[in-house]
Structures are given as C-alpha cells and as structure tokens.
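> Sequence below, structure please.
(3 chains)
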Amino acid sequence: MYKYIAMLTDFGTIDPYVGLMKSVILKINPSINIIDISHDISSFSIRAAAYILLVSKDYFPQGTIFLVVVDPGVGSKRRAVVVKTRNYIFVGPDNGVLYPAIIDDGVLDIRVIENSKLFLKPVSNTFHGRDIFAPVAAWLSRGLPIDSVGRRIDINDIIELDFNIVKLSSIIIDKTLCGEVIYVDKFGNIALNIRLPDFESLPYGRRVKIIANDRIFYAHTSRTFSLVRRGDIALYINSFKFLEIGVNMGNAAERLGVNIGDKICLEVENA
Amino acid sequence: MYKYIAMLTDFGTIDPYVGLMKSVILKINPSINIIDISHDISSFSIRAAAYILLVSKDYFPQGTIFLVVVDPGVGSKRRAVVVKTRNYIFVGPDNGVLYPAIIDDGVLDIRVIENSKLFLKPVSNTFHGRDIFAPVAAWLSRGLPIDSVGRRIDINDIIELDFNIVKLSSIIIDKTLCGEVIYVDKFGNIALNIRLPDFESLPYGRRVKIIANDRIFYAHTSRTFSLVRRGDIALYINSFKFLEIGVNMGNAAERLGVNIGDKICLEVENA
Amino acid sequence: MYKYIAMLTDFGTIDPYVGLMKSVILKINPSINIIDISHDISSFSIRAAAYILLVSKDYFPQGTIFLVVVDPGVGSKRRAVVVKTRNYIFVGPDNGVLYPAIIDDGVLDIRVIENSKLFLKPVSNTFHGRDIFAPVAAWLSRGLPIDSVGRRIDINDIIELDFNIVKLSSIIIDKTLCGEVIYVDKFGNIALNIRLPDFESLPYGRRVKIIANDRIFYAHTSRTFSLVRRGDIALYINSFKFLEIGVNMGNAAERLGVNIGDKICLEVENA
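Model prediction:
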C-alpha cells in the first residue's frame, strides 16, 4: 500500500536504536523501503528536527510515512500521534516536532496512538521508538486505516511549535531586518526564519551589516557562499529558500558565535 | 534462503569500509537485505559490541545472519568463526564479541572459517571484514551449508566473554547492590550488568544512593529519566530490562564520571 | 538497466542532505539500490574523497553509477560532469575528485552536465547534489544515454588531480623512501602514496626509521598493526596495497602529528 517510511530521530548511529526500529518495521512489513533523513539531530532538539521535517517533506514521494522520534518526554504523559495530511502520514510524539510540517502540508486527520494491540509487548518506558512508533508506522504502511490507531483529536488539541517565519516578497535595501536562527547545518551555515519566494530574489554583490549578539559583522549578498572570497561571509538564499549566512570554506556559526534561537538583524546596504 | 544480514562493526562512517563490505555482499547475493545495527562502536570495544549484540538480536527476524566485525586482532592468530544458534547465524572473529549473544540464544554448531574458496582474493592482512567475513556471510545467506565453512569446534574452544550479569527477581530495599557499567549510550545513560524480570519491577519514587568511583550521588527511582526534574538523576529499567542511570535532559556518564567496566554500587532507600 | 548507485559525499549525517538526494533518486527510479560509500568525508576534502573513490570502485558491481558530491565550488563556474569508464559511470563536479578513479578505470566518454530538462526545478545555488547530480544519476540508472546529458569534452579539458603515486615492485633496504600522506582513516592509520604489487611485498620484522615533520620515530615492518606490541608503530601494506603506518590499539596520525598532504620519509633497516 505504502512504499516508503522516512525516519528522522536523534538516536545517533552509535547505539543500536535505529537498527532495532528498522528490524521491528521489517518484521511487520518486509517489502517496505526505509529512507533515513537523519538520526543525528542534536539530542532533544525538537526545533532542529521540526525545521528539517518542514523543509524535507516535499522531496519525498506522495504517500511517504514520516516516522519522527525526537522525544525527550518519552515515558511521561506526552501523547503520541498519527497525522494524515494532504500528501503524507506523520507518526511521532505530540511535542511540536511535527507541527510546522503538518500545518504546511494541510492536516486532514489527527489520531492519538492508543490502540495497544499494535504495540510491541511489553512496552518499555524509555524506547517508544521501538515499541510504539515503529510498529504503528509499519502497520499503517501495510494499509491499516488511520482510525484504527486511536480517537480523533483536533489541531487545537496538539502542541504548537511556531517558527514565526517571516515571508518576504523581496529584500528592502537600507532597512533593518531581524529574524532568528532556525537551523545550523554541519558546515556551520546559519539559516534564518526569513523565507523568500525564489532563489533569485536577493540583489547580489551588496554589502550587508549583520548584528548578532551585539557584535557587528560585514558580509556580501551572493548567489552562494562559494562566490565570496575564501573566509568572507556571504548572505544568500539557501536550497529551501530561507535566508542563510555562510563563510566560504569556513564555519559561519562559529564566526558569528550563534546557535539555534539566537536573534540576528541585518541590513542590505545600497552599494 | 536467508533474507537479512545485520551488520555490527567499529568501522565508523567516515571511511569506505562498511560500503565495501556491502558491495562485496551484494555482488554475491544481490537480493539480500542489509540492516545496520551500528558501525560506530568505540574502536576496538569488544565489550560494547557484545552488549549491543546480546540485547539487539531478539528483535530481528528469525534466520537473520549477524555479521560482526569488531576485530582489533585482525591479521593475528585469532580465529574467525560462524556460529549457528537456535534462531540465528553469527559470523565474526573469535574474540568474545559473539559470546554473550550465542550463549543466550543457544549454540547449535560452531565452525572455524577456513575454507579459503569463499574468500575475496588476495586476502589482505588488515581488512578481513571485506575479504573474509562479508563473503562468508553472503554465501551463507545464499544457503551454503555451515559445514562448508570449516571444521567444527566446541563451545569450550572459543573465547569466553562473561558480563557476570546479576539477575534479580526484585530490588531489595536498604540493601547495597553492586554491579558494573556494561554500556554507555549516546545520551550518556549508564546501563549496569543488573537485569530485572520486567519493566515494572522497580518501586518508583524512592531515593537512591549511588556510589561510583568513591563519589556519592543521589537519585530517584523512576519509570524513566524524563519523570525526574530536569538535571536530576534517575534510576530506571532500560528498554532491554537492565538497570540504568540517566539524567533528565543531561548526560549521566559525564555527571558520575564513569566508563564501561567501572563498578557502581547503589542502595534504594525505604522512603 | 543499472542496479546500483553508490554515493560518496561530505554532507555528513546530521543534516537531511543525503536523505533528500535519495528521495529524489527514488522518485525517478524506484527500483534502484543505493549504497553509501561515505558521507563523512572532511568538509571540502577533495583529496580524501578522490582517494576513497580510487580504492573503492573495483569492489562494486560492473555498471555501478558513482554519485560523488564533494563540491566546495557549488554555484560557482565549476562544471558538473558525467564520465563513462570501462566498467562504471561517474557523476560529480569537475574539481578533480573523480580524476584518479576515472584514469585508473579507463575513460571512454566525458560529458558536461548541461541538459537542464533533467534537473529538479527550480535549481538552487547551494545544493546541486539534490537538484542536478542526484536526478542526472537517477535518469542514467534508468538507461538514459550519456550523450543526452550534454556535450562531449576531452580528458585534457577537465581538472586534474594527481596523487603522484609511487609504484614500487619491492622495498629497497637501507634506502630512504619518501612519499606523502594520501589518507588518514578513522583509526588514525596513515596511508602513504606508495603502492606495492601485493600484500606480501614487505619484509617483516625489520626496524623502520620514519621522519615526519622533522621528527624521528621508529617502527617495525609487519603484516598488520596488530602484530606489533600494544602502542608500538607498525609499517604494513594496507588493504588497498598502499604503504600504511599504524599503531596497535592506538592512533598513528596523532602520534606522528601528520595530516593529509604531509611528507613522510622512511628507511627500512637491514636488521
């Protein structure tokens, strides 16, 4: 029925947790294809995972089941949910991690995971990825109707996570624009919560003043980080159409000393 | 014949070693499914790999072939073995890494890998994962009988690795209980070599005195780490039914300053 | 038509970049098998990736498509190419990363990637892995003829990367032999750009004087690192037939204080 399960967790690749989730899935649905989005989200970083899920989902085939386990509240009262959206199914904890992605895709149905017949027994208190989320995703991939999972709840009943994304139609010159760090990638590139309509909506070659944690930096607008001089700072539109700050052959997050959640203001100058 | 090969190595994901083992396997058996348990075992850590294999195996489909290469003695006189157990086949070096898992599952047949017709030629001295273990696992997955691999040896002829697991039926209050660190996971959670019969066999909400390397810490028993206050220490039963020490949103191994093999004593108090 | 795409990138496993490339590939060719060689090449390390590709390719099935994205110049004027060799197809940036592997396998046809009908639209400036390289590899795997990708260019038109590999038929005793560090693996083993004809072409048990960055170290020749005493330095032939320096249960690159590109001289002594 469904061909793909895409996994996103903070379990890392040292421990066997991800492999065990996969073996549980394959025992239930041997013909499923599992794609790893990432398992190296910073431990407990719900916001980083929510951003990755938001920007990644559209690249997956329609009908993909997203299995998301970034779950610092495992074993507490936090609920587990399945969300059917216009194009996908999402399975994960109700802690906000799914929120930006499901809102963006359009929510059709939300269910609380409570049908314990689907679970691996006995259910542990610390590894619901293996005992609850993986088997539920696997049964759904075999065509189990979502209403078998549990009772329906409303979008207002689940935990909200809002990136306060600033949607601009263009960059206004000589005007201060503020946002916050929404993600820092492996290369140290800093994505801001400011989104533009297309990859070309930033005038190139302008000087940019950047204020981060009361320190001032200068950059240039560019099509990409590799077009400024080695070691220089570039402001560009990243591959998900968010405004991003990078350093050619360097690490921008270290240079600017910022982390997810920090406020950054910038001003694209006239010349 | 066999559908799954599950891999466990300390090769990491930086070098091409794991990819090369997979390409060797797929050349021999293109229809096999390969599941990664972990490739990021600490270099040479036979004990960590042995614990992971022990606790992971039961989640895999019957007939899974476990291909285990944590092999600091590669190229020396250490033997390579194939072990048939009640439910699985294990392929790896004879250095103890397979021992706890095969004993737990029940050994049926042990063979020394010596049929060089199965090997990739020429056999290197440093990468038996690619040249010996991977092709042997692949040929077995195609149905090669285990007796084609080499001569039979006895369980007493292979290297033992004993975790001295303390099996308790319950926790006795106000009595000192000592064990050793059997594993530390990515989150810093500390598993002890003390196993309980089920996830609920620990009384909750009791104060616990922990002695580790002559330092004293206080924790509370809990269903899971997320139910104590942020930064507090919890004692709980982990998802494999071993006693475990964790810190809510923190790293217990750093807090207690312990590593695999260290002794830890604890006393669950009456109130 | 083609069964395997083998991926080699520096994208890491934290960010979703690799998962997105895979989802793009599977949307175009759902029946392809994707094998990861590595995604943890040091950021921008073209030389490390070129070495890995060179030594890995021969272990893959004939007809494998190698998808290589180590691409610090993304979005600049650097070209993207497809190279058909005697046994394989290579897809990647024209920055030297493919060069040693394609020369070694024998170049049949080189094409500049310029047929934008194959690309994911709109093409970003920062993630050609997802928007250009992945879809081109996927279309080729479905049997698209290489001449549909773009115009033919000559081997002299692409960027060269030469490891200046010293090919020896044997080691000459008491003679200084110099080379440079071509790769350092996860264990800290140091591969030199000196290649020997077979795994046995080094006399064992000889003392070796090693000069690295003006410091002198002593090692012994050995079949492998595990045959010298714990903590001692060994000189041996690695699994790809390059001369390599390792430390038994230790890290040779840290001990000698060397990195990729550093010069190392050594002298195998008579006794």
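> what's the spacing between the residue nearest to A:Ile233 when sequence neighbours are not counted and A:Ala252?
Using C-beta to C-beta, 6 or more residues apart in numbering or on different chains and skipping the chain neighbours, the partner closest in space to A:Ile233 is A:Ala219 (3.7 Å). Just so you know, the C-beta spots here come from the backbone N, C-alpha and C atoms, and that holds for glycine as well. Distance of A:Ala219 to A:Ala252, computed by C-beta to C-beta, to the nearest Å: 9 Å.
> Need the residues touching each of those two.
Common neighbours of A:Ala219 and A:Ala252, counting by C-beta atoms under 8 Å, 6 or more residues apart in numbering or on different chains, are A:233, A:245.
> Neighbour count: the two, which is higher?
Per other C-beta atoms under 10 Å in any protein chain shown, whichever of A:Ala219 and A:Ala252 has more neighbours is A:Ala252, with 26 against 23.
> Now that one: phi and psi?
phi -70, psi -40 (degrees, to the nearest 10).
> doesn't A:Gly188 make contact with it?
Yes: using C-beta atoms under 8 Å, A:Ala252 makes contact with A:Gly188 at a distance of 5.0 Å.
> list the contacts for the nearest residue to A:Phe217 once chain neighbours are set aside?
In this structure, A:Phe217 finds its nearest non-sequential neighbour in A:Ile210, 4.4 Å apart by C-beta to C-beta, 6+ apart. A:Ile210 makes contacts with A:216-219, A:233, A:235, A:245, A:256, A:264-266, as judged by C-beta under 8 Å, 6+ apart.
> In a markdown table: the residues you listed, plus pLDDT.
Below are the contacts of A:Ile210 laid out as a markdown table (pLDDT from 0 to 100):
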| residue | pLDDT |
| --- | --- |
| A:Ile216 | 97 |
| A:Phe217 | 98 |
| A:Tyr218 | 97 |
| A:Ala219 | 97 |
| A:Ile233 | 97 |
| A:Leu235 | 97 |
| A:Ile245 | 97 |
| A:Leu256 | 97 |
| A:Ile264 | 98 |
| A:Cys265 | 97 |
| A:Leu266 | 97 |
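> Closest one of these to A:Asp198?
When the contacts of A:Ile210 are compared for distance to A:Asp198 (C-beta to C-beta), A:Leu235 comes out closest, at 15.9 Å.
> what helix or strand does that closest one sit in?
Per DSSP states H and E, A:Leu235 falls inside strand A:233-237.
> Which secondary structure elements does that strand sit against?
In terms of contacts (3 or more C-beta pairs under 8 Å, 6 or more residues apart in numbering or on different chains; DSSP states H and E), strand A:233-237 is packed against strand A:207-212, strand A:215-221, strand A:242-247, helix A:252-256.
> Give me whichever of those is most buried.
Sort the helices and strands packed on strand A:233-237 by mean neighbour count, taking mean count of other C-beta atoms under 10 Å in any protein chain shown, and strand A:242-247 sits at the top with a mean of 26.
> Could you report the pLDDT at the residue nearest to A:Phe217?
pLDDT recorded at A:Ile210 is 98.
> Report the beta-bridge partners for it.
For A:Ile210, the beta-bridge partners under DSSP bridges are A:Phe217, A:Leu266.
> Quick check: it vs A:Cys178, distance?
Separation of A:Ile210 from A:Cys178 (C-beta to C-beta): 11 Å.
> Give the residues shared as contacts by those two.
In terms of C-beta under 8 Å, 6+ apart, A:Ile210 and A:Cys178 are both contacted by the residues A:264-266.
> Can you name the residue of the stretch 151-271 of chain A nearest chain B?
Closest residue of the stretch 151-271 of chain A to chain B, C-beta to the nearest C-beta: A:Lys186 (13.0 Å).
> so the residue nearest to that residue when sequence neighbours are not counted is in which element?
Distances taken as C-beta to C-beta, 6+ apart place C:Gly12 nearest to A:Lys186, at 4.0 Å, with adjacent residues excluded. Take DSSP H and E as the rule and C:Gly12 turns out to sit in neither a helix nor a strand.
> which one is A:Lys38 nearest to, not counting chain neighbours?
Careful, residue A:38 is Ser and not Lys. Once flanking residues are discounted, A:Ser38 sits nearest to C:Pro16: 5.4 Å by C-beta to C-beta, 6+ apart.
> what do you get for A:Asp15?
Of all residues not flanking A:Asp15 in the chain, B:Asp185 sits nearest, at 4.7 Å (C-beta to C-beta, 6+ apart).
> do A:Arg255 as well
According to C-beta to C-beta, 6+ apart, the nearest residue to A:Arg255 is A:Val247 (5.7 Å).
> For the one you found, give me its contacts.
Taking C-beta under 8 Å, 6+ apart, we find A:Val247 in contact with A:188, A:225, A:231-234, A:255.
> Quick check on the residues you listed: which are buried?
Using 16 or more other C-beta atoms under 10 Å in any protein chain shown as the burial test, these include A:188, A:225, A:232-234, A:255 as buried.
> What is the most widely separated pair among these?
The distance between the two most remote of the buried ones among the contacts of A:Val247 (C-beta to C-beta) is 14.0 Å, for A:Gly188 and A:Asp232.
> ok, for the residue nearest the centre of chain A, nearest residue in space, not its chain neighbours?
By C-alpha atoms, centre = their mean, the mean C-alpha position of chain A lies nearest to A:Ile52, the distance being 2.2 Å. Nearest residue to A:Ile52 in three dimensions, chain neighbours excluded: C:Pro16, at 4.9 Å (C-beta to C-beta, 6+ apart).
> Wait, that neighbour touches A:Ile37, no?
Yes: using C-beta under 8 Å, C:Pro16 makes contact with A:Ile37 at a distance of 4.9 Å.
> list residues touching both of these two?
Residues touching both C:Pro16 and A:Ile37 (C-beta under 8 Å, 6+ apart) are A:8, A:52, A:56.
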